[in-house]
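> Quick one, structure for this:
(chains A and B)
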Protein chains: 2
Amino acid sequence: MKSGDATTINIAETSGGSKGKAAAAPTIVATTKATKHAAAGWKRGIAIFDFILRLFAIAAALAATTTMGTTDQTLPFFTQFFQFQASYDDLPAFTFFVVANAIASGYLVLSLPFSIVSIVRPHAIGARLLLLVFDTVMVSLTTAGAAAAAAIVYLAHNGNASANWIAICQQFDDFCQRISGAVVASFIAAVIFMLLVVLSGLALRKH
Amino acid sequence: MKSGDATTINIAETSGGSKGKAAAAPTIVATTKATKHAAAGWKRGIAIFDFILRLFAIAAALAATTTMGTTDQTLPFFTQFFQFQASYDDLPAFTFFVVANAIASGYLVLSLPFSIVSIVRPHAIGARLLLLVFDTVMVSLTTAGAAAAAAIVYLAHNGNASANWIAICQQFDDFCQRISGAVVASFIAAVIFMLLVVLSGLALRKH
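A predicted model of the protein is given here:
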């Protein structure tokens, strides 16, 4: 809405005959302009909130990755054949957890420039849609990693009588506590991703 | 954009002085109108596609729920104390899987009217945003259920030497095959939910 358009209608009004009807045109222009400015400010607010949430998500995803990836516990006794040791790569679900959260952390860092673009240009649709699509994929990825790890952690804590699986947390107590923390951090990252998707939806809607 | 606005500008044009500038106004109105109609048709197409995807998602989620919920296998031998039987409620991850997919099925049926509203009124924002928010939650719920069950199914198939968990699928072969199918169906439902979120994002963007 350039100012040139408004000028055109003003000229038409002063020179035209039907005064009452033509006078309505500038009013409409003014209202549209004000709404657009308010919408831009509101969308900029959403974009800034989006950026801050991404920083928190990076912290949560990195915490989950590093906690899970660096935890291993070696028991102070060993048999003739092997030493008792628990590490994340003993269980495929934990390996997937580390990979999923590492991918999420990397994506979040790469998404920061696009988030900044959304702050600078609140009406840019492309960056928003791109973030929406990838955030949705990341909701799925982090939730899948967290849920798979949670299922195994639950099993490690409680065991299962039907399947004759014993609880290993009695031996690997420190290991179990740390991986439980990692799972919680990953679920927090997943919730933040869900908020980001909803924020993108809010920013995309037209007024 | 009522036709009354266009008439106003036409009157101003015929009676006004600066012909060249004022003549641009009806052209703009016409273009805006055409774009709006095209956008409505395009959004209606998205809404219809959304509706069809929801039907597929209901089929996938219901299949996952019923397959997991109705599968139990009783082995043809038993000891003095108990009979060997495998059912979904032996493992908390499978119970969560059934609950998550049942909730997803119920939500999908309830969401169909809102999807129809989006077909009838392509520019309605409220129904779209509501679907976007709940679809995002459902992406997370179905993925979590499927991933947790997948982690346990993997363990049932392969066991784990480090944790001394034995593979139970050698005994419960039929049970394992059916729950694997249920997990696949649930992942299909999760992917459809992700498509629905992206479709809502596309439908929400302004032109």
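> what helices or strands is the top helix by length along chain A leaning on?
When chain A is parsed with DSSP state H, its longest helix is helix A:24-70. In terms of contacts (3 or more CB pairs under 8 Å, 6 or more residues apart in numbering or on different chains; DSSP states H and E), helix A:24-70 is packed against helix A:3-15, helix A:92-120, helix A:125-158, helix A:173-204, helix B:3-15. Yep, even glycine has a C-beta here, placed from its N, CA and C like the rest.
> winner for burial among these?
Ranked by average neighbour count under the criterion mean count of other CB atoms under 10 Å in any protein chain shown, those are headed by helix A:125-158 at a mean of 24.
> Does that helix reach chain B?
Yes. When contact is scored as CB under 8 Å from any CB of the partner chain, part of helix A:125-158 falls within range of chain B: A:125, A:128-129, A:132-133, A:136-137, A:139-140, A:143-152, A:154-156.
> I'd like the distance between residue A:184 and residue B:117.
Counting by CB to CB, to the nearest Å, the separation of residue A:184 from residue B:117 is 38 Å.
> And the closest residue to residue A:102 other than its chain neighbours, what's its pLDDT?
On the basis of CB to CB, 6 or more residues apart in numbering or on different chains, the spatially nearest residue to residue A:102 that is not a chain neighbour turns out to be residue A:65, at 5.0 Å. The predicted local distance difference test score for residue A:65 is 93.
> can I assume residue A:65 is in contact with residue A:108?
No. The pair residue A:65 / residue A:108 is not scored as a contact, 11.3 Å apart, by CB atoms under 8 Å.
> before we move on, the earlier item: could you redo the helices and strands packed on helix A:24-70 as a markdown table and give each row mean pLDDT?
Formatted as a markdown table, the entries for those read as follows, by pLDDT from 0 to 100:
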| stretch | mean pLDDT |
| --- | --- |
| helix A:3-15 | 42 |
| helix A:92-120 | 93 |
| helix A:125-158 | 92 |
| helix A:173-204 | 92 |
| helix B:3-15 | 42 |
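> With distance to residue A:47 as extra columns, can I get those helices in a markdown table?
Written out in a markdown table, the entries for these read as follows (distance: least, CB to CB, whole Å):
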| stretch | distance to residue A:47 |
| --- | --- |
| helix A:3-15 | 26 |
| helix A:92-120 | 4 |
| helix A:125-158 | 9 |
| helix A:173-204 | 7 |
| helix B:3-15 | 33 |
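> among those helices, which is nearest residue B:99?
With CB to CB, the closest approach to residue B:99 among these belongs to helix A:125-158: 13.1 Å.
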